[in-house]
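K.L.:
Coordinates for the following, if possible.
(2 chains)
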Amino acid sequence: MTALLSLSGVTAFYGAIQALRGIDLTVEKGEIVTLIGANGAGKSTLMMTICGSPRARSGQIIHEGQDITQWPTHLIMRRRIAQAPEGRRIFNRMTVHENLLMGAEVAGRADTADGLEQVFTLFPRLKERISQRGGTLSGGEQQMLAIGRALMSRPTLLLLDEPSLGLAPLVVRQIFGAIRDLNRTTGLTVLLVEQNAYQALRLAHRGYVLVNGSITMAGTGSELLARPEIRAAYLEGGHT
Amino acid sequence: MTALRDAFLSALVALGLFAPLVGLVTTSGEHGLSLELRPIATAIVVGLVFFGRLVVLSRRGRTRTETTQANRALAERVTRAGKYVTPILLVAAVALPFTGSRYYIDLGTLVLTYIMLGWGLNIVVGLAGLLDLGYVAFYAVGAYSFALLATTFGLGFWTCLPLAGIFAAFAGIMLGFPVLRLRGDYLAIVTLAFGEIIRVVLINWVSLTNGPNGITGIPRPTLFGLAFSMDGGPGTFADFFNVEPAVIQRIIFLYYVILGLALLTNWVSLRLRRMPLGRAWEALREDEVACRSLGINVRNTKLTAFGIGAMFGGFAGAFFATRQAFISPESFTFIESATVLAIVVLGGLGSQLGVALAAIVMVGGLETLRDFLSFLGDQMDSPLFSGIASELPLYRMLIFGLALVVMMVLRPRGLVSGRTPSVALHKVKDIAPDLVAQGRG
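P.N.:
Presented below is the predicted three-dimensional model:
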């Protein structure tokens, strides 16, 4: 069986600066895979490279047996890959409803109602706020909206970039709970980029550790959590 | 005391500004130009600034929340009134020709042309958030396409109208390609240059456009083949309806043509806003990266915004050409782009009603102000005001500029700055203007 998504030897540059140095990574169908690492390790770059912006300079990105390395972003996003980008990037002046509809643009409007229903079951909060402007939501609600918007395209692979950024621990737990539910009930594959290593590794089936643009460690979530060097680098400071 | 000092300082600044602007005037005497002093006029203006500043300072005591509340209450009232304003405006627009006054109908035609241009530019600037300073280029392309097609191939207005729109849309897409990656200030500079390029080409390509002399003899539009000519011969409007031929018939017809075109523009933009394409434009204005990550083809979305916006500019240009029967590059200078952009920004980016109101104020208001000032000048026959009274209408631009500044201070997000959601499940709730972020070019 081939992996849903596999990267081999992927490098990416910002101008002259090399951000990714030969990344090998696979995501199997139905998995939650997390990518942890410090600030500037290249986590978000890796996420964006999968989406084709910036394009990988060398290496290969294969999605469902198709080489998508050189594809333009909007076509990649039409392969039922959805992304909730870093910093949420919701449409501030548009309502929650309009934001969600923007997510369904790619999928075609045939099952928009079902999609909305699914999102509202997952995040009932959004239903209450449906005609409110995106920019007036709280941080947690905005993150829910960003994930909900991504789910509207009925993806088979969901890319989440730091969903816990700037959120209270309780809200983070809520959102991670929703991701786990989604994965269990619909078999949605998730690639999760996180700084909150403890929560992410507990949630994920497998994890990769990214340091300076290269993957230094890989393993199952509990394996990585048990490693002393991981504890030292990412978990010190008493996480709950 | 501080208020007095502050007002005095303001008056001092005003003195420095207006002493040369208002206080000095050149008159041509026997020995060529001579300089004349006008202390009274200067004193009046400086006095106005002094007392104006005092009034502003006395109102400053109000707290910020009070002001916000007052603004919100005003916005609510405007929104509620908006329900009535639209039909009233529409009825007034349809009824205007029945006044029979040529002056009003001509003014109405001019205002409607700017409303149409404003609505067209609103698609590009208000919805898609692409700051376009060269909109006049598409107006020019539309006008010249029609003029050249009509004078060269003898085609009529109604045949050329869609062609003019198509040519302008192509020009829009042509402009769109190189500026796809630009945003904000950089985009504004390039579009500004584009507007100038078109004008310079029109001036210098003499063999095609007749250069600065322009194109004359552009045909007038017909009503289903009935011409509006003065001879009243067979096949003319007057002959068909058995009435005396009169110029006013053509004027009224032109008025209804532009009214129809403007309403078409409005209808299309309202429809588009409700469609996925319009939503994509708005999303693009909000966040380009997010759009891309949702699988939206940013390039095509931008190009359609440029193309459709330009198309309406082209329609308006063709109308302009047929109304004037003469066009030259002089009509397509940067000031036109600036006026239309000012209408869109003043109206509140993205608001259809706001654009209409702003055009009425900007174009109609300026004319009315000129009339009012010359009326005022006639009343002031005291020798004290000698020299000022007759020149009062010349100050209309100054007053108008002041009005714009005051307006931007009081309502920085435009006349009608709320945004109605394009979809709503239950009751449509307007988004209050103070919650709407400032437009980012």
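
K.L.:
so how many other residues sit close to B:Tyr84?
P.N.:
If you count neighbours by other CB atoms under 10 Å in any protein chain shown, B:Tyr84 ends up with 9. Yep, even glycine has a C-beta here, placed from its N, CA and C like the rest.

K.L.:
what residues are up against it?
P.N.:
Contact partners of B:Tyr84, counting by CB atoms under 8 Å, 6 or more residues apart in numbering or on different chains, are absent.

K.L.:
Would you tell me what helix or strand it is located in?
P.N.:
helix B:64-95 (DSSP states H and E).

K.L.:
Just confirm yes or no for the helix or strand following that helix near chain A.
P.N.:
Following the chain from helix B:64-95 toward its C-terminal end, the next helix or strand by DSSP H and E is helix B:102-122. No. Residues of helix B:102-122 are not located near chain A by CB under 8 Å from any CB of the partner chain, the shortest gap being 15.2 Å.

K.L.:
The helix or strand harbouring B:Met397: which residues count as buried?
P.N.:
Here B:Met397, judged by DSSP H and E, is contained in helix B:396-410. Residues of helix B:396-410 classed as buried by neighbour count (16 or more other CB atoms under 10 Å in any protein chain shown): B:396, B:400.

K.L.:
cool, stretch B:372-383 as well?
P.N.:
B:373-374, B:377.

K.L.:
and the residue in the stretch 201-350 of chain B that chain A sits nearest to, what does it touch?
P.N.:
Closest to chain A within the stretch 201-350 of chain B is B:Gly295: 3.3 Å, counting by CB to the nearest CB. For B:Gly295, the contacting residues are A:73-75, A:77-78, A:105-106, A:153, by CB under 8 Å, 6+ apart.

K.L.:
repeat that with 10 Å
P.N.:
A:51, A:73-83, A:102-103, A:105-107, A:153 (CB atoms under 10 Å, 6 or more residues apart in numbering or on different chains).

K.L.:
partners of the spatially most central residue of chain A in the sheet?
P.N.:
Centroid-nearest residue in chain A: A:Leu160, 1.5 Å away (criterion: CA atoms, centre = their mean). Bridge pairing for A:Leu160 (DSSP bridges) gives the partners A:Ala84, A:Leu192.

K.L.:
and the gap between it and A:Glu86?
P.N.:
Distance, A:Leu160 to A:Glu86, by CB to CB, to the nearest Å: 9 Å.

K.L.:
got it, and B:Arg285?
P.N.:
In terms of CB to CB, B:Arg285 sits 20 Å off from A:Glu86.

K.L.:
between the two, which one's more packed in?
P.N.:
B:Arg285 (24 against 18).

K.L.:
Report the set of residues contacting both of A:Leu160 and A:Glu86.
P.N.:
If you check A:Leu160 and A:Glu86 against CB under 10 Å, 6+ apart, the residues they both contact are A:47, A:146, A:193.

K.L.:
burial of the first one, as a residue count?
P.N.:
If I follow you right, that is A:Met47. Neighbour count for A:Met47, taken as other CB under 10 Å: 22.

K.L.:
There's contact between it and A:Leu191 in this structure, I believe.
P.N.:
Yes. If you go by CB atoms under 10 Å, A:Met47 and A:Leu191 touch, sitting 7.5 Å apart.

K.L.:
Just the pLDDT for B:Ile389.
P.N.:
Careful, residue B:389 is Ala; it's not Ile. The model reports B:Ala389 with a pLDDT of 67.

K.L.:
ditto for B:Thr68
P.N.:
On pLDDT, B:Thr68 comes in at 65.

K.L.:
swap in B:Glu76?
P.N.:
pLDDT, B:Glu76: 72.

K.L.:
quick one, what contacts A:Arg55?
P.N.:
With CB under 10 Å, 6+ apart, A:Arg55 has these contacts: A:12-13, A:48-49, A:61, A:69-73.

K.L.:
nope, B:Phe228 is what I meant
P.N.:
Counting by CB under 10 Å, 6+ apart, the residues that B:Phe228 touches are B:220-222, B:236-238, B:245-247, B:249-254.

K.L.:
Among the buried residues of stretch B:372-383, which one lies nearest to chain A?
P.N.:
Using CB to the nearest CB, B:Leu373 comes nearest to chain A of the buried residues of stretch B:372-383, at 40.0 Å.

K.L.:
before we move on, what SS does B:Phe194 have?
P.N.:
helix (DSSP: H, G, I helix; E, B strand; the rest coil).

K.L.:
any idea how far it is from B:Ile215?
P.N.:
22 Å.

K.L.:
Equivalent analysis for A:Arg180, please.
P.N.:
Counting by CB to CB, the gap from A:Arg180 to B:Ile215 is 71 Å.

K.L.:
Could you check which of these two has the larger neighbour count?
P.N.:
Comparing A:Arg180 with B:Ile215 by neighbour count (other CB under 10 Å), the higher total belongs to B:Ile215, at 22 against 15.

K.L.:
Can you tell me the closest non-neighbouring residue to the more buried one?
P.N.:
B:Ala147 (4.5 Å; CB to CB, 6 or more residues apart in numbering or on different chains).

K.L.:
other SSEs contacting the helix or strand where that neighbour lies?
P.N.:
Using DSSP H and E, B:Ala147 sits in helix B:136-153. Applying 3 or more CB pairs under 10 Å, 6 or more residues apart in numbering or on different chains; DSSP states H and E, one finds that helix B:136-153 makes contact with helix B:102-122, helix B:157-176, helix B:184-204, helix B:206-209, strand B:215-216, helix B:298-324, strand B:326-327, helix B:334-347.

K.L.:
so what's the closest residue to chain A within the stretch 101-250 of chain B scoring on pLDDT?
P.N.:
Taking CB to the nearest CB, chain A has its nearest neighbour within the stretch 101-250 of chain B at B:Gly129, 10.1 Å off. Per-residue confidence (pLDDT) for B:Gly129: 90.

K.L.:
For it, grab the count of nearby residues.
P.N.:
25.

K.L.:
how far away is it from B:Gly350?
P.N.:
For B:Gly129, the distance to B:Gly350 (CB to CB) stands at 9 Å.

K.L.:
go on, B:Phe8?
P.N.:
B:Phe8 is 42 Å from B:Gly350, where distance means CB to CB.

K.L.:
Mutual contacts of A:Met47 and A:Leu191, please.
P.N.:
Shared contacts of A:Met47 and A:Leu191, counting by CB under 10 Å, 6+ apart, come down to A:35, A:83, A:159-161.

K.L.:
Now do the contacts for residue 124.
P.N.:
No chain in the question, so chain A it is. For A:Pro124, the contact set (CB under 10 Å, 6+ apart) comprises A:Met144.

K.L.:
that's the wrong chain, I meant chain B
P.N.:
B:130-132, B:135, B:138, B:172, B:176, B:191, B:281, B:302, B:305-310, B:312-313, B:341, B:344 are the contacts of B:Val124 under CB under 10 Å, 6+ apart.
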